[in-house]
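S.K.: A predicted structure for the sequence below; I have some questions about it.
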Amino acid sequence: MEMDKRRILLIAGSDSSGGAGLEGDQKVIAAHGCYAMTATTALTAQNTEGVSAIYRIPSDFIVRQVDACISDIGVDVVKIGMLASAETVDAVANALRRHGSPITVLDPVMVSTSGAQLLPDDAVLNLRTQLLPMTTILTPNIPEARLLLKDAGLETPEIRSLDDIVNIARTLQSLGPQYVLVKGGHLPLTKDGRISTQNADHHIVVDVLHDGHRARVYETDYQFSKNTHGTGCSLASAIASNIALSTNPDLSITIPNAVANACRYIEAGIRTSFSLGRGNGPINHFHSLETRMPPLESKLKEWLYEK
């Protein structure tokens with residue numbers, strides 16, 4: 001019997017409120033019809049209003065989880081989220097090298113929505129030097145992208161337009177990953193691609209994919225919603241799922257298609273979300289399985305950046 005090709009190993013922290021982290025990731029992967037395995041790096045006490053406590057799992061135990069899953073079930077795609085310490089970064093990188101450096105989607109959980117740095121400086125250094133060179137696609141938000149560039153001693157200019165986001169993606173790709181997807185959700189743009197400073201001018205959100213040669217832009221309408229908890233985790237897991245589901249061995253085709261499908265998934269997840277808690281609620285991870293809702297037409301626009 002041929003082995004199924006939809007095996008995804010999640011190496012990330014747990015979110016007790018269920019919207020992000022391993023819990024959110026598993027919902028995304030289940031919604032895509034893929035199979036999720038987990039290596040838990042940290043336990044968090046959190047809800048829609050924030051994180052109140054973090055318990056870090058010892059790095060040797062994290063590796064035991066990775067080895068247990070891959071040695072038996074195998075893996076097609078690895079999705080990495082919160083790593084929490086320099087020791088964990090090194091341990092995970094070494095473990096993945098031992099297992100043949102599988103396709104890896106790295107969501108560098110380094111900067112919180114409020115701007116707080118979640119990963120110590122020595123861990124940022126190790127992530128940049130140990131994990132980025134073996135990463136298939138890196139999916140930072142803009143603050144995380146700027147932190148990685150700063151750690152590498154590179155210029156981190158303020159973002160004023162789409163051109164600046166493209167330049168950051170291009171420079172970040174030169175640090176080792178095959179592809180970089182810079183997520184622009186933190187910085188909505190005006191219709192003509194400038195940073196929007198007023199709510200009335202929040203028109204579009206762009207994610208920029210760069211392969212070192214050219215940029216591809218994924219543009220969606222800005223949605224005025226507070227239910228965005230876990231969007232970064234969910235987008236990376238949706239990309240991992242779509243890579244696992246692809247039958248095309250050519251990553252130059254597979255990766256852009258996986259990103260487009262993942263962006264559509266998140267777009268619909270926000271649009272069909274329902275409020276939970278007093279803070280930022282989660283997206284609707286299972287919108288595609290909702291029998292009571294009609295299919296939603298996506299407004300995603302995808303285009304090659306030529307300049």
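M.R.: Thanks, I have it.

S.K.: Give the closest residue to residue 225 in space, chain neighbours not counted.
M.R.: residue 270 (5.3 Å; CB to CB, 6 or more residues apart in numbering). All C-beta spots, glycine's among them, are computed from the backbone N, C-alpha and C.

S.K.: er, residue 83 I mean
M.R.: Nearest to residue 83 is residue 89, by CB to CB, 6+ apart, at 5.1 Å.

S.K.: Next, residue 106: phi, psi?
M.R.: phi -110, psi 110 (degrees, to the nearest 10).

S.K.: Check whether it really touches residue 130, as I assumed.
M.R.: No: Residue 106 is beyond contact range of residue 130, at 11.0 Å (criterion: CB atoms under 8 Å).

S.K.: Among those two, which residue is more densely surrounded?
M.R.: Per other CB atoms under 10 Å, whichever of residue 106 and residue 130 has more neighbours is residue 106, with 24 against 19.

S.K.: Next up, the contacts around the more buried one.
M.R.: Residue 106 makes contact with 80, 131-132, 135, 137-139, 177, 236, according to CB atoms under 8 Å, 6 or more residues apart in numbering.

S.K.: From those residues, which land in helices?
M.R.: residue 236 (DSSP state H).

S.K.: which two in the contacts of residue 106 are spaced the farthest apart?
M.R.: For these, the maximum inter-member distance is 14.9 Å, found between 132 and 236 (CB to CB).

S.K.: Of these two, which one has the most company?
M.R.: Neighbour count, other CB under 10 Å: between residue 132 and residue 236, residue 236 has more, with 28 against 20.

S.K.: Not counting sequence-adjacent ones, nearest residue to that one?
M.R.: Using CB to CB, 6+ apart, the nearest residue to residue 236 is residue 107, at 3.8 Å.

S.K.: isn't the one you found right next to residue 83, touching?
M.R.: No: between residue 107 and residue 83 there is no contact under CB under 8 Å: 10.2 Å.

S.K.: Compare neighbour counts for these two and give me the winner.
M.R.: Using other CB under 10 Å as the criterion, residue 107 and residue 83 rank with residue 83 on top: 31 against 27.

S.K.: Please identify the buried residues of stretch 79-99?
M.R.: Buried residues in stretch 79-99, defined by neighbour count with 16 or more other CB atoms under 10 Å: 79-93, 95-96, 99.
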